[in-house]
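> Turn this into a model:
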Amino acid sequence: MTISRLRYVSGRIMRLMLVVLLLLTTLAFGFIEGGFVIWFIFFMLLPFSMYSLLLVFTPLKKMKVERSIEQENMRNGDSLKMTMTLRRNNRWPIVYAVIREAMPSEVLVNATTKPMQRLLIIGFKKQVKWTYEVEEIPRGEHYLHGVEITVSDFFGWNKKTQFISAKRTVVVYPNVTKMIFRPLNMSKQTGNGPVSSAIVRDTTMVSGLREYQAGDRMSWVHWKTFAKTGELRSKEFEDQQSQDLCLVLDCTPSALFEDQVEFVASILNASVRQQITMAFLSAGRERIYFEAVQTESQLQQAMFHLASVQDDLVDSVNRLYGQDRTLANAAQLLFVTSKLTTEWLDILTKATMSSRACLCFVIRSKGQATSTQEQAMEKLARIRGIRVITIGKEQFTEAFMGGLK
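Residues are numbered from 1 along each chain as shown. Here you go, the predicted structure:
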């Protein structure tokens, strides 16, 4: 038995003994002194004392708590409205109960200004509902383990606490800005800005079959399969640049990391909407790589990762990613950071030796001045054939329009 548990049990025993002592003291005075006043006090205390004693044996373990959330797909900054329902299998009177979230995630606690607890008057009710709200819930994967319910008698002489499991995971995805994504067709020799070039679908290279969808061309229908099964199936073709694009998120600790995540989520969302395939590398302390983000399910997996990704790349960047084959093999790199460091510049320079283009987006806050060191680093990157674009959150929609520098 732990020390905290021992203190809790000993405290309950002491409270119980005090209630019994109070009841016995008034009874003894009634027998010794007699009189209307003493007996009146005794019979006034009797029901409250009996309720306090019986509260010790009130079963709380059989109570159940259910959760429901009004909005399932939540974005960074949304309000979380959680409806809780407490159910019990008897009508034993409970004067009041204090119910609070037990062991919520630290980020969730810091996000709300109101305590995540509620005082409920239960009485004889078998079911009680209440709602609490967390305004501007941050991005992340928030775990809720259960609630801690504390019941008490009328005067607080005796209290009983019980943990009730009610597990729920709340996933808050990053915000997505609508944009038009245009693949890059840059020359390292010229160093010119990005020029839009549509990905050409090579209809001579069939990668597989899928179900026929409205809008598919008749030439895409696989007639042999239709003749055998009677079901329309369409051919899937390889995109000539489908494996050329690689999006990299720099997970180095930064005050603008949330903007980086939002920008990456917006690029992935736009590419899937436009049926463009790209690889995605989350360069953090743990290397997370998505070989292809093309379908809605693949996008959902990437977004789920972006919901919980943290800026935890505190080790040597060169040691973790200096020899990364994904960066070396990519024909076009899109690198998203908020501060271009020497280590990352060396890695990108090495990667551009075999790639056609490398575009580095440096996220800046509105009105943020560029330091001399940052200007020198960006100038060096351009000399090495890396296109650098500084961009603010309010400019995300124009990222691939060609007007940013």
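
> what's the burial count for the residue lying closest to residue 76 once chain neighbours are set aside?
Leaving out its chain neighbours, the residue that sits closest to residue 76 by Cβ to Cβ, 6 or more residues apart in numbering is residue 139, at 4.1 Å. Heads up, the C-betas are built off the backbone N, CA and C, glycines and all. Residue 139 has 24 neighbours, counted by other Cβ atoms under 10 Å.

> Tell me if I'm right that residue 139 and residue 176 touch.
No. Using Cβ atoms under 8 Å, residue 139 is not in contact with residue 176; the gap is 11.7 Å.

> Packing partners of the longest strand seen in the chain?
Ranked by residue count under DSSP state E, the longest strand found in the chain is strand 159-173. Using 3 or more Cβ pairs under 8 Å, 6 or more residues apart in numbering; DSSP states H and E, the elements in contact with strand 159-173 are helix 3-32, strand 64-69, strand 74-75, strand 140-152, helix 296-308.

> what about the residue positioned nearest the centre of the chain, distance to residue 374?
Taking Cα atoms, centre = their mean as the criterion, residue 140 is the residue nearest the geometric centre of the chain, at 2.2 Å. For residue 140, the distance to residue 374 (Cβ to Cβ, to the nearest Å) stands at 29 Å.

> Repeat that for residue 2.
Distance from residue 2 to residue 374, counting by Cβ to Cβ: 53 Å.

> higher neighbour count, those two?
Between residue 2 and residue 374, counted using other Cβ under 10 Å, the more crowded position is residue 374 (17 against 7).

> got the residue ranges for the strands in the stretch 251-400 of the chain?
278-283, 287-293, 332-337, 357-364, 387-392 (DSSP state E, counting those that start in this stretch).

> Run the angle between the third one and strand 278-283 for me.
Spelled out, that is strand 332-337. With axes from the mean of the first three to the mean of the last three Cα atoms, to 10 degrees applied, the angle from strand 332-337 to strand 278-283 works out at 40 degrees.

> In contact with the nearest residue in space to residue 252 that is not next to it in sequence, which residues are there?
Spatially, and ignoring its direct neighbours in sequence, residue 252 is nearest to residue 313 (4.8 Å; Cβ to Cβ, 6+ apart). Going by Cβ atoms under 8 Å, 6 or more residues apart in numbering, residue 313 touches 250-253, 283-285, 320.

> And these, which two are furthest apart?
253 and 320 (14.5 Å; Cβ to Cβ).

> Those two: which has the busier surroundings?
residue 320 (17 against 12).

> That one contacts residue 287, doesn't it?
Yes. Using Cβ under 8 Å, residue 320 is in contact with residue 287, at 7.1 Å.

> Report the separation between the residue nearest to residue 94 when sequence neighbours are not counted and residue 99.
Sequence neighbours aside, residue 122 is the residue nearest to residue 94 in space, at 4.2 Å (criterion: Cβ to Cβ, 6+ apart). Going from residue 122 to residue 99 by Cβ to Cβ gives 10 Å.

> Lowest mean pLDDT among the helices and strands of this structure, which one is it?
Sorting the helices and strands of the chain by mean pLDDT, DSSP states H and E puts strand 201-211 at the bottom, at a mean of 59.

> Following the chain onward from it, which element is next?
Counting by DSSP states H and E, the next helix or strand C-terminal to strand 201-211 is helix 223-229.

> Outside of that following helix itself, which residues are in contact with it?
Residues from elsewhere that reach helix 223-229, judged by Cβ under 8 Å, 6+ apart: 209, 231-233.

> Keep only those of those that are in strands.
The members of the contacts of helix 223-229 that map onto strands under DSSP E are 209, 233.

> Counting neighbours, which of the contacts of helix 223-229 comes out on top?
Neighbour-wise, those (other Cβ under 10 Å) top out at residue 233, 20 neighbours.

> Bridged to it, which residues?
When assigned by DSSP bridges, residue 233 has beta-bridge partners residue 211.

> Does it touch residue 212 like I think?
Yes. Contact criterion Cβ under 8 Å: residue 233 and residue 212 qualify, at 6.2 Å.

> Spit out the residues that contact the two alike.
residue 221.

> count of residues packed around the closest residue to residue 350 other than its chain neighbours?
Counting by Cβ to Cβ, 6+ apart, residue 350 lies nearest to residue 328, which is 7.3 Å off, once chain neighbours are set aside. Burial measure for residue 328: 14 neighbouring residues, criterion other Cβ under 10 Å.

> Likewise for residue 219?
Neighbours of residue 219 using other Cβ under 10 Å come to 8.

> Next, work out how far apart it and residue 53 are.
84 Å.

> likewise residue 150?
Taken as Cβ to Cβ, the span from residue 150 to residue 53 is 18 Å.

> before we move on, back to that, now the helices and strands packed on strand 159-173 in TSV, with mean pLDDT?
Shown next, in TSV, are these (pLDDT from 0 to 100):
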stretch	mean pLDDT
helix 3-32	76
strand 64-69	91
strand 74-75	91
strand 140-152	89
helix 296-308	94
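
> what's around residue 10, how many residues?
10.

> need the contact list for it.
Counting by Cβ under 8 Å, 6+ apart, residue 10 has no contacts.

> Alright, that wraps it up for me.
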